[in-house]
Structure formats: C-alpha cells, structure tokens
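**Student:** quick one: sequence plus predicted model below, questions after.
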Amino acid sequence: MLLFRKIWLRATLLALLVLCSTPYTYATSQTAPNAPHPINSKKANSTAYNGTIFIYQTSTPQALHYNNGKKSLHYMLHPSKKGEFIAFIPIGYYDEGVKTLHSPKQTESSPQTIKILQKDYPKKEQINVANDKVSYSNEVAKRIEKEKNAAVKTYATITKGRLWDKPFIKPLDSAITSPYGSARIFNGKVNSYHGGTDLRASIGTPILATNDGKVALVQDRYLSGKSIYVDHGSGVYSVYFHLDEFLVKQGDMVKQGQVIAKSGDTGRVSGAHLHFGIVINGTNVDAMDFIEQVNALF
C-alpha cells in the first residue's frame, strides 16, 4: 500500500510539472513585439493601435459598451471556431489613452480595458484639386452635410450576425498610392487625415466586392464622387469611392469577388484611383489591417 502511494505521488508531481511548464498562447495577426492581440472575455488590459480594430473573443457573449456607453459590441459567430463569438471594436484615428468596456450591470472593480498605442502613420501629403472642392458655396455645403448624414444613417443600421463566411480580399490587385492615416492638405488649406486606402486604378478598372454583403447605399457624392457602401453585418461596412460606373443598386446582395463598379476620377481627386475603406460602428479603420486581422481568424 505504501509503495502504491509513493508511485501515485510521483505520477501526480510529474503531471503538475508538465502542466506548469506549458505556456498559454493566443492567436494574433501581428508580428511586431508588443503587438495588439485579440482579447478573451476575461482578459483585461490588452492593447491596440489607433486606426485599427480590436477583436474581442468569447464563448459567452454579454452586453458590453464602450465610448462612455455610446457604442455597443455587436457579436457574430467566429468564422472557424465552433461555439465562439467575436466582436470588432474600432479604435479611432484620434483615439488615445484607454478604451474601457462596460457592462450595463457593471459590478467588477476593474473593468476590461484596451490600452491604445499610437501608430506611426505617414506624414503630410500635399494634394492639389479643383478649387471648388475645397471652398464651397452655401448650397454645396448643405449638399455635403446631407450626404454626410446619409452615410451616418447607413452606418447606424446594424444587421445582426455576419453576412460573410470567407476571408476578405482587396477590391483590386494594385499598388497602394496613399495609405490609411496619412495627414492631408488640399490646396494648402483643408487639413484632414486619410480615412481609407487609395489603390492605383485607371478609369474603367473593374472593382470587386471585398466580401459577401448587401449594398446599403449607392450615391453620387460631392467629395467622394460616385460611391458604394456594402453592409457585411454586425456594423461592418466596406466603401468604394470615386467610381465611374455603378454595376449594382441599393438592396442587391453581392458575393466576394463580384464586380460591383468601374473605377473613376469623380469627386475630390487629383487623378483616377479607388478609395477603399472599412467602417466599423461608424468609425473608419485601416482596411489593410482589418483584412489582415480578420483573415487570421480562419
């Protein structure tokens, strides 16, 4: 009996040593040191760069809010892990400090937080466009405001779940001429940052849907020119600006890789190209980073 107990104790100690020596790991699409990573529902104090998304993962989705309760997490099924859910939290270009996730019935003394790291985005770009694209009459200003409100209303429409089941793709295979986040000065007057990614495209180049979804808005806009907005579910929208020709209409269901438009030079541009963007819960994020992070989930 004594010999049996000794053998049992040795086996138990060996199992504990193996367990303790096995590190806990989590998936991440980033390769840089101290890079942002998905957060587990019980993990606090994670990090993310401004202008990117933060992927919240959990097997037990609960109501959570951020931006002082003004925005909610919209859950969808994980694309490859059965029984798991994800939600995208956008980190705005101008965000800094800490983003806190709150429950309506918050009882935790230390709520989950996301520390925002500042990314080194490209410096200023001097862009020359037609003068009427930077100085507006009252009539044009009203038009711009109306079009902006239409976009805000579109982004506020949340389709439950996700409409896609495969990785995202670029809308065309072309060089990036202006990345997300670059500071911009139009005609030496108007200052802004670039909320999308510009891809080289001559007039008439076929533009592909980045993934499955529903066409939410088709509109010829003063600044972004002929534009298409595609709803991918759970607050995720892809946008395509400065088009020359529409090949879909509002309400159409589109598939990944479907030709939805032809590129052009409409709106406030210095030349023909495609402005491609991803908007999460009304916030512009880096489309290239979004594609990289989301595709790493498969």
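**Tutor:** Alright, I've got the coordinates. Numbering: from 1, shown residues only.
**Student:** low-confidence stretches in the chain?
**Tutor:** By pLDDT under 70, the low-scoring segments of the chain are 1-45, 106-110, 132, 184, 186-191.
**Student:** contacts for the helix or strand harbouring residue 277?
**Tutor:** Secondary structure assignment for residue 277, by DSSP states H and E: strand 273-280. Contact with strand 273-280 is made by 53, 88-90, 155, 170-172, 174, 177-178, 180, 195-201, 205, 207, 210, 224, 235-243, 263, 265, 284-287, 290-291, as judged by C-beta atoms under 8 Å, 6 or more residues apart in numbering. (C-beta placed from N, C-alpha, C; glycine too.)
**Student:** got the end-to-end distance for stretch 247-257?
**Tutor:** End-to-end distance for stretch 247-257: 13 Å, by C-alpha to C-alpha, to the nearest Å.
**Student:** buried residues, that stretch. List them.
**Tutor:** Buried positions in stretch 247-257, judged by neighbour count with 16 or more other C-beta atoms under 10 Å: 247, 248, 252, 254, 256.
**Student:** residues contacting the first one?
**Tutor:** With C-beta under 8 Å, 6+ apart as the criterion, the residues that contact residue 247 are 259, 260, 261, 262.
**Student:** can I get the buried part of those as one ChimeraX selection?
**Tutor:** In ChimeraX syntax, the buried subset of the contacts of residue 247 is picked out as below (16+ other C-beta under 10 Å):
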select :260,261,262
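**Student:** what two of the contacts of residue 247 are the furthest from one another?
**Tutor:** Within those, two members stand farthest from each other by C-beta to C-beta: 260 and 262, at 9.3 Å.
**Student:** okay, and the common contacts of these two?
**Tutor:** Common neighbours of residue 260 and residue 262 (C-beta under 8 Å, 6+ apart) are 207, 247.
**Student:** domain ranges for this protein, per the record?
**Tutor:** Domain assignment for the chain by automatic domain parsing gives 39-117, 125-295.
**Student:** among those, show me which one is buried the most.
**Tutor:** domain 125-295 (a mean of 18; mean count of other C-beta atoms under 10 Å).
**Student:** thinking again about what came up before, looking at the contacts of strand 273-280, which are in helices?
**Tutor:** 155, 287, 290, 291 (DSSP state H).
**Student:** kindly indicate which of these lies nearest residue 83.
**Tutor:** Nearest to residue 83 among the ones in helices among the contacts of strand 273-280: residue 290, at 24.3 Å, using C-beta to C-beta.
**Student:** for the closest one, which non-adjacent residue is spatially closest?
**Tutor:** Leaving aside its chain neighbours, residue 290 sits nearest to residue 278 (4.5 Å; criterion: C-beta to C-beta, 6 or more residues apart in numbering).
**Student:** please tell me how far the one you found sits from residue 196.
**Tutor:** Distance, residue 278 to residue 196, by C-beta to C-beta, to the nearest Å: 8 Å.
**Student:** joint contacts of those two?
**Tutor:** 239, 284, 287.
**Student:** list the residues that contact the first one.
**Tutor:** When the contact criterion is C-beta under 8 Å, 6+ apart, the partners of residue 239 are 196, 224, 227, 228, 229, 230, 275, 276, 277, 278, 279.
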